[in-house]
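In: Quick one, fold the following:
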Amino acid sequence: MALSEAIEKREWTLEEWLNTELEPRYEFEDGRLVPMAAPTLRHQDIVGLTFYEMRQFCRANGLGTVAMGVDVVLSPRRGYIPDITFVRREREAQVLAPQGKVIGVPDLVVEVISPGGHIRDAVRKLRAYQEAGVPWYWLIDGETLMVQEFQLTPEGYLLRTVAEAGEVFRPAALPGFELNLQRLLGEGETDGTH
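Out: Take a look at the predicted model:
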C-alpha cells in the first residue's frame with residue numbers, strides 16, 4: 001500500500017493533523033485527511049496577487065492579519081488550508097496561535113477554484129465555512145477570474161458582490177479595498193482571453 005493510501009485510510013485526530021508535516025498537503029475532515037491538489041502556476045499567481053493586495057490594504061489601514069496557506073481549525077472535526085485567511089485586529093489574540101496557525105473562525109476566507117476543484121470549494125467548503133460561522137467567503141474562479149463574495153446571514157451565505165473578469169471587485173467585507181485581477185495578471189481587458 002502506498003504511503004498516501006495509508007495516510008488517507010486511517011483515522012486521524014485534529015492534533016495529529018496539526019502536528020504532522022505531510023507532502024502533499026492534506027486538509028482534515030471528520031477524522032480523515034483529504035489530499036490537496038498541487039496548485040497550477042495560474043492558481044499561485046492569483047493567490048499571490050490577491051494576498052499581496054489584501055495585505056497591503058489591511059496593513060495600511062490597521063485592519064488585521066492576512067495569511068496565505070496556513071492551517072485553519074474550524075472545529076474539532078474540520079481543518080482546512082484556505083488560499084487566504086483574514087483575521088480582524090480585534091480578534092487576533094483570540095484566534096491566531098503562536099505556532100502560526102488559526103485556531104477558531106477567521107473573519108474572511110478566500111479560495112481560488114482550480115480546474116476540477118469547483119465542487120470542493122463552491123459546495124463542500126462553502127458549507128463547512130458556513131456551518132463554522134465564517135462571516136465572509138470569497139470564491140475566485142481561476143479560469144474566468146470572476147470573484148464572488150458571500151456574507152453569512154441567519155439563512156446561510158448570501159451572495160453580496162460579484163465582479164467579472166476586467167471589473168473592479170469592491171467587497172463589502174473590506175470597504176475601500178479594490179481588486180482587478182485581470183489588470184494585475186496583465187491579461188487583455190476587453191476580450192477576456194488568457
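
In: Every contact and neighbour count from this point should use C-alpha atoms.
Out: Noted.

In: so where's the longest helix in the chain?
Out: helix 41-60 (DSSP state H).

In: so what does it touch, helix or strand wise?
Out: strand 64-68, strand 108-113, helix 181-185 (3 or more Cα pairs under 8 Å, 6 or more residues apart in numbering; DSSP states H and E).

In: which ones are touching the residue nearest to residue 177 when sequence neighbours are not counted?
Out: Nearest residue to residue 177, sequence neighbours excluded (Cα to Cα, 6 or more residues apart in numbering): residue 170, at 6.0 Å. When contacts are counted by Cα atoms under 8 Å, 6 or more residues apart in numbering, residue 170 touches 161, 176, 177, 178, 179.

In: Please identify which two of these are farthest apart in space.
Out: 161 and 176 (13.7 Å; Cα to Cα).

In: When these two are compared, which one has more neighbours?
Out: More neighbours surround residue 161 than the other of residue 161 and residue 176, with 16 against 10 (other Cα atoms under 10 Å).

In: In this structure that one contacts residue 173, no?
Out: No: under the criterion of Cα atoms under 8 Å, residue 161 is not in contact with residue 173, lying 9.7 Å apart.

In: Now the nearest residue to residue 10 once chain neighbours are set aside: phi and psi?
Out: Closest residue to residue 10 apart from its sequence neighbours, by Cα to Cα, 6+ apart: residue 32 at 7.0 Å. When read as degrees, to the nearest 10, the backbone of residue 32 gives phi -120, psi 150.

In: before we move on, what about the one 4 residues further on?
Out: Dihedral pair for residue 36: phi -90, psi 140, per degrees, to the nearest 10.

In: For it, report the pLDDT, please.
Out: You'll see residue 36 listed with a pLDDT of 83.

In: Show the contacting residues for it.
Out: 24, 25, 26, 27.

In: separation between residue 96 and residue 102?
Out: Separation of residue 96 from residue 102 (Cα to Cα, to the nearest Å) stands at 5 Å.

In: The two: which has the busier surroundings?
Out: Comparing residue 96 with residue 102 by other Cα under 10 Å, the one with more neighbours is residue 102, at 25 against 18.
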